Structure formats: structure tokens, C-alpha cells
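*Asks:* Just a sequence and a predicted model for now, questions to come.
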Amino acid sequence: MSQLSEERKQELIDKYSKISSPSSTNSSGPRGPGGGHRGPGGGGRGNRGMHASGKPKNAAPVMKRLLGYIRKDIYRILLVFVFLLFGIAANLASNYILRPVINNLVDTNSSVEERVRNLLVGITLMAVIYIVGMITNYLNSRIMVDVSQSALVNLREDLFNKIQKLPLKYHDTHTHGEIMSRFTNDLDVVGQMINNTMTQIFSGVITLIGTVILMFVTNWILAIITILGVPLIALVASQIAKRSKNYYKGQQKSLGAVNGYIEESVTGQKVIKVFNHEETAMQEFNFLSDDLYEKQLKANFFGGIMMPVLGNISKVSYALSAVVGGILCLTANFDIGGLTIFTNYSRQFARPINELSSQVTVIFSALAGAERVFEVMDQEPEPADHEDAVEIYKENVQTVYDENKTNEDSDDKAISIKGEVSLSNVTFGYNPDKIVLNKINVTANPGQKIAFVGSTGAGKTTITNLINRFYDIEEGLISIDGIDIKNIKRESLRGNIAMVLQDTHLFSGSVMENIRYGRLDATNEEVITAAKTANAHSFIERLEHGYDTELEGDGSNLSQGQRQLLNIARAAISKAPILIMDEATSSVDTRTEKYIEEGMDKLMKNRTTFIIAHRLSTVRNSDEIIVLEQGEIVEQGTHEELLAMQGRYYQLHTGAIELD
Ligand SMILES: Nc1ncnc2c1ncn2[C@@H]1O[C@H](COP(=O)(O)OP(=O)(O)O)[C@@H](O)[C@H]1O
Ligand SMILES: [Mg+2]
């Protein structure tokens, strides 16, 4: 087994820490090892928040917008704060009650009965206070869970709705993982913040203030001694935090690399196996994992010693106040009850401070998460339809399947079309610096069948992307019956175009449901007819449960060719007057393809069809064949005309050159 070179090691960390989306590395912050909920300020989670990805770029507007999501619950939140106040007051008071209780116990002047009675009264009072505290705590968490979940529901729905409206360009330029982590990691940490952080900060502050006041009430000398210890605690904490900061950065990167590597290996497992790269993958992963172990060890060491160190410091101040308090009892008439409760206060005094500082980190990563969510929400959606955009329909063809909305009774202007599709002088590039289609001129008369052939990357799929406005063109004109497609409502346009995409997708659900996706009101019989047209019927019948067979994970229980057949059936069931088939039959055998063609020919009769095919046999009976190379039309005409030209099509046909 070969060893990984140092170069490769560095490369692995650098490369894979970038693949994994920033938030998926960041998200482990709040839940990762080290500093738990009570985590020390600058340590544990603290420094993770300082990692670039864990910090919002612009906190104030994000905060404001986030507050918008809980504004409707503002009264409930205020109620929680009132409860919290009660709870904290009760907690502080119950401690304070100990003072007279203890003083009464050690008071040798009163009778035993009286002392016992007073003790019982004190205990009962404390019990009541505790019970009330428990109930308010319970109510608080009920309310806050509800508030945070309802904020999350709204955020999640807004985000999902937004994603449905984003132009295809967004999906083409962002990985699935990236979009997914907006929904998972980012929303999670936001929910966590709404759920815990607000109340914790509030109760931290109030507890701190209350404790300090009561400390002064109990004994101001001791109070001053205890508070003098605060700068010391802060100093030590910030020193440790500074040390661990760099380690946390390193850990963050390693964590990203590990996640990225897993992401890629899981997705590419099949390819890894095909090329026997398991050994290398294991070796590389082991390296990354060990690296993460080391970094985490170092980072968590500092995070881990924070608590004990701070704990010991506060123990010192505890001991100090106990000693001084003891002396005061003996010399200055300080009561024993007072000393007892003071030591209690001084012990819990440091806790809210630590808590508060650790919450700051949660807030940072939550705001960063929220910021990323809002970034998606702020993406430009597909531009709204033109104000006087029209709807189109073909006479006697029902293409709108919303029950409440039919072609006839729509308020909007609906124009009857025959189905002529024309591209004139269309020039397009996904990026301005690279032209993919150059001056394309094609006209498909109603009912005609137009074929595109050409090498991979020639721009065939791009043309289909333009016709149904996945992308809008800047130069040239695409029109249907002379109407610029930009002036047709998108929904209406797409409703009139049935498409078999090059990359198929099937949804979880039965075969029947998947075919019906093409037209929701289709009857079972119509589904079966469509399946027969697409030549999918016979294989569906052979499936274990026939049309009721459940498909899972994009139809992973079917062969590639079978998936294509279902996609064709889905298009076949649609009555749209324009049909686009992008390499629809590339994965089925030639014999099946022949069958499909026969079926489809019937289907195409009344439809304007664009067909992109690899096999020339599929396209020979087209009304026009367009040979596309590098975004330009090099030849166009019927099969016979093109053969007669003895050009590129002829060469392809005779096998002199091959499509790659
Ligand atoms: N979403 C996209 N963003 C940027 N470039 C793209 C995108 N899709 C395709 N391309 C580029 O456009 C060119 C044409 O692609 P495509 O139309 O898919 O070719 P074909 O379908 O003929 O194989 C290729 O060079 C490809 O790299
Ligand atoms: Mg293509």
C-alpha cells in the first residue's frame, strides 16, 4: 500500500474543505464535541463561531428580519419573560429564605417548638416556590418550543416556495448539498437560537443582576470581594480563548474536509468501485479522519480546560468569601444564615457570566445561518410575467388542469394557437463570455417534426431550454404562432409544451402516479394508453405490482431504459400541442425504440415536435433535420436533401464520422 505524499495530504485538506458547504461544517459548531450548553464563553463552541463561515456578515438586518418571523408571537414571548422573572425571583428568594430559617435554627433564645414551627413554615414556603418555579419552567419551554417551531415552519415554507420560483440557473449553479443544507443545518441552528438563546440571555442577565443585588444586601464587604474576582475570571477566559481560536480554525477546516470527502465518496461510490479505488479512498479518508482527530484533540483541550479552570477560580473566591465571612461572623456580628446564603450566591455567581458568553456564539452561528437562508430568499426569482402577457391554448386541447381554471373562463387574454414554433437569429450563452448558440434560425410549422442532431455539447439541449424559457434570450426571437414567448405567461407556455428531459427524474410514488404527473386529471385508462404508446406497458405489467409498483429514489429499482420509457409515457399523456424529446430513447434498445417511434408517430401527428436523437434512424422521417455543431447550424433539410448534399449528415449517415 503506497503512502500518501505530504503534498497530497495538504491537497486533500484544502480541496475537500472547500467542497463541503460552509454551513455543513459550521453546523457542527453548536452540537459538536467540546463545550456543552453550559460551555465556557470563549472556548468550546466559542471559537467555532469565530470561524469565517460562522459569523454573519451583517448581523443587524438579519436579526431584524428574523424578529419578523417571531413578531406575531410577541405576547407569548413577553409572557415567557414574565414567567422567567417569576422563576428567577422565586429561585433567588428561596435561597434567601434560608437565611431566617438557619438563623432561627441556631437561635438558642427561642423554644424548640417555636424553632421547629418556623423551620416547617420555611420549608413549606420553599417547597411552594420550587413548585411554582417548576410549573413556569415547564410552561416556558412549551411556549418557546411552539414559538421557535412556528417560526421555523414559516422560514422553511418561505424558503421552499422561493426555491420553487428560482430560475433554473440557480439550480444549475448550486449543488444539491448546498441547497439542502439551507434547509437542514442553517434552519436548525436558527431554531435552536429562538428556542433557547433568547430566554437564556434574558434569564442570565436577570439572574446576574438579582444575585449581585442580593449579595450586596447580604453583606457588602463579601460582595465586593467576590466581584473583584470577575476581572480575573474574564482575563483567564480570554487568554484560553485566544489560544484555542487557531486550533478551532484548523479543526473547522479538517471537519470540512472530512465531510466533503464523505459527501463525494458516497455520491461516487459506484465509480470508486468500478475503478478499484476503495483502498485509496480508505487511505485518504483515514488520513483526513486522523487529522481531524488531532486538531479536535488540541482544540477541545483548551475548550475542555476552560470550565475546570474557571470553576477553580470561582472556588477560590468561594473559599475566600467563606473565610472572610467566617471572620465577620465571629467579629462583626454577621449572621450564620447570611454567611450560608452568601456562599451559595457566590458559587452560582459565575454561572450566568459563562452562560451569557457561550450564547453569544450560538447567536453568531444562528445569524450566519439565517443570513445564508435569507440570501437564498433574496435571489432574483424568475422574473414575473409581463403585465399583458397572454395565455395560449390550442383549439379543443385542454392544457390547464386546475379544476377552478379552464381555458374558457380565464380572465386573462387567451390566444388560440396552431403550434408554429420559430427561432430567429437566436444567440445565447449561459455566461456572457461564452456563446453556446449562434444565430439559430429554425421554424417548425404546426404539426411538423423537427430533429436536431450533432455532437455532445453542440447546444441541442440548450435550444430546448430556451423554448420553454428555462433561460431567457437576450438576442433574437423565439415565438409561438408569432407571439414572442416572453409575452406568454410562463405557466401557460410550459403547459403547452410537453417535454421529455435528457436527465430523467421520477418521484417517489407508484408507476401510475408518475405517468399521471404529465396530466393530473388523466384516468387510469388514459395512463395505460399512454404507457402503451411509449411502449412501457409490457415491462410495467411484468413489474411485481404492475402499475401500483412503488418507485423509490428516482426509480432506482428500474433500469435506465425503463425510466426513460416512463418519462416518455408522462409526455405522451400530456395533450400539449408542442412536444420536445431530448435523447428520450438513448438508453433503450433499437427494437424498443422502433416500437416507441411507431407509437409516438401517432402522438406527434397533431403536435409540433422537436426531437433530439443520437441514432439517425430515429430522425430520418422528420420534416426537417438540423445539424448543429458548436452552436451553429451547419446543415438543414430533409433526410434526402441532406444526403444529397453529401456533407456532414451524409458522413454521419454513412458512418464516415461518428457522433460522440
Ligand atoms: N447550465 C449550464 N451552464 C453553463 N454552461 C452550460 C450549461 N449547460 C450546458 N452548458 C454548455 O453549453 C454547451 C451546450 O450544451 P448542451 O446544449 O447541453 O449540449 P448538447 O445537448 O448538444 O449535448 C456545452 O458547451 C455545455 O458545456
Ligand atoms: Mg443534451
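*Replies:* Ah, there it is. Ligands and ions are numbered 1, 2, ... in the order given.
*Asks:* Just give the nearest non-adjacent residue to residue 302, would you?
*Replies:* residue 244 (3.3 Å; C-beta to C-beta, 6 or more residues apart in numbering). Backbone N, C-alpha and C define where each C-beta goes, glycine included.
*Asks:* How far does whichever strand or helix holds the one you found sit from its chain's centre?
*Replies:* Counting by DSSP states H and E, the element that carries residue 244 is helix 220-267. Offset of helix 220-267 from its chain centre (C-alpha atoms, centre = their mean, to the nearest Å): 27 Å.
*Asks:* buried ones in the helix or strand that that helix is followed by?
*Replies:* Of the helices and strands lying after helix 220-267 in sequence (DSSP H and E), the nearest is helix 269-274. For helix 269-274, the neighbour count (16 or more other C-beta atoms under 10 Å) marks residue 272 as buried.
*Asks:* Determine how far helix 269-274 lies from the middle of the whole chain.
*Replies:* So, by C-alpha atoms, centre = their mean, the centroid of helix 269-274 is 27 Å from its chain's centroid.
*Asks:* Give me the helices and strands touching the next helix-or-strand element following that helix, please.
*Replies:* Moving toward the C-terminus from helix 269-274, the next helix or strand (DSSP H and E) is helix 278-332. Packing partners of helix 278-332 (3 or more C-beta pairs under 8 Å, 6 or more residues apart in numbering; DSSP states H and E): helix 6-19, helix 44-50, helix 220-267, helix 336-377.
*Asks:* Now do helix 278-332 against helix 220-267, angle only.
*Replies:* If you take axes from the mean of the first three to the mean of the last three C-alpha atoms, to 10 degrees, helix 278-332 sits at 170 degrees to helix 220-267.
*Asks:* what angle do helix 278-332 and helix 336-377 make?
*Replies:* If you take the same axes, to 10 degrees, helix 278-332 sits at 150 degrees to helix 336-377.
*Asks:* Just read off the phi/psi values of residue 385.
*Replies:* phi -60, psi 150 (degrees, to the nearest 10).
*Asks:* what's near enough to touch it?
*Replies:* 489, 490 (C-beta atoms under 8 Å, 6 or more residues apart in numbering).
*Asks:* now it: how far from residue 580?
*Replies:* Separation of residue 385 from residue 580 (C-beta to C-beta, to the nearest Å): 21 Å.
*Asks:* Also residue 372?
*Replies:* 35 Å.
*Asks:* what's the answer for residue 301, then?
*Replies:* 61 Å.
*Asks:* of the two, who's got more company?
*Replies:* The neighbour comparison of residue 301 against residue 580 (other C-beta atoms under 10 Å) goes to residue 580, with 26 against 16.
*Asks:* in which helix or strand would I find that one?
*Replies:* Short version, using DSSP H and E: residue 580 is in strand 578-582.
*Asks:* helix or strand right after that strand?
*Replies:* Following strand 578-582 toward the C-terminus (DSSP H and E): helix 590-604.
*Asks:* and that next one, C-alpha only, in CSV?
*Replies:* The C-alpha trace of helix 590-604 is given here as CSV (Å, rounded to 0.1, in the frame of the first residue of the first chain):
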residue,chain,number,x,y,z
THR,A,590,-33.1,-0.4,-31.0
ARG,A,591,-36.1,-2.7,-31.2
THR,A,592,-37.9,-0.9,-28.4
GLU,A,593,-37.0,2.4,-29.9
LYS,A,594,-38.7,1.3,-33.1
TYR,A,595,-41.9,0.4,-31.2
ILE,A,596,-41.8,3.7,-29.4
GLU,A,597,-41.4,5.6,-32.7
GLU,A,598,-44.5,3.9,-34.1
GLY,A,599,-46.5,4.9,-31.0
MET,A,600,-45.0,8.3,-30.9
ASP,A,601,-45.6,9.0,-34.6
LYS,A,602,-49.3,8.7,-33.8
LEU,A,603,-48.9,11.0,-31.0
MET,A,604,-46.9,13.5,-32.9
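*Asks:* how far off strand 578-582 does that helix point, in degrees?
*Replies:* 160 degrees.
*Asks:* The residue in the stretch 101-250 of the chain positioned nearest to ligand 1 and residue 79: what is the separation?
*Replies:* Distance from ligand 1 to each residue of the stretch 101-250 of the chain (C-beta to the nearest ligand atom) is smallest for residue 172, at 3.7 Å. Remark: distance between residue 172 and residue 79 (C-beta to C-beta) = 47 Å.
*Asks:* neighbour count winner among those two?
*Replies:* residue 79 (15 against 11).
*Asks:* Excluding residues flanking it in the chain, which one is nearest that one?
*Replies:* residue 143 (6.8 Å).
*Asks:* Residue 298: neighbouring residues, count only.
*Replies:* 17.
*Asks:* Spell out the secondary structure type for the residue in the stretch 501-650 of the chain that ligand 2 sits nearest to.
*Replies:* Relative to ligand 2, the nearest point of the stretch 501-650 of the chain is residue 502 (4.8 Å; C-beta to the ion). Following DSSP: H, G, I helix; E, B strand; the rest coil, the label given to residue 502 is coil.
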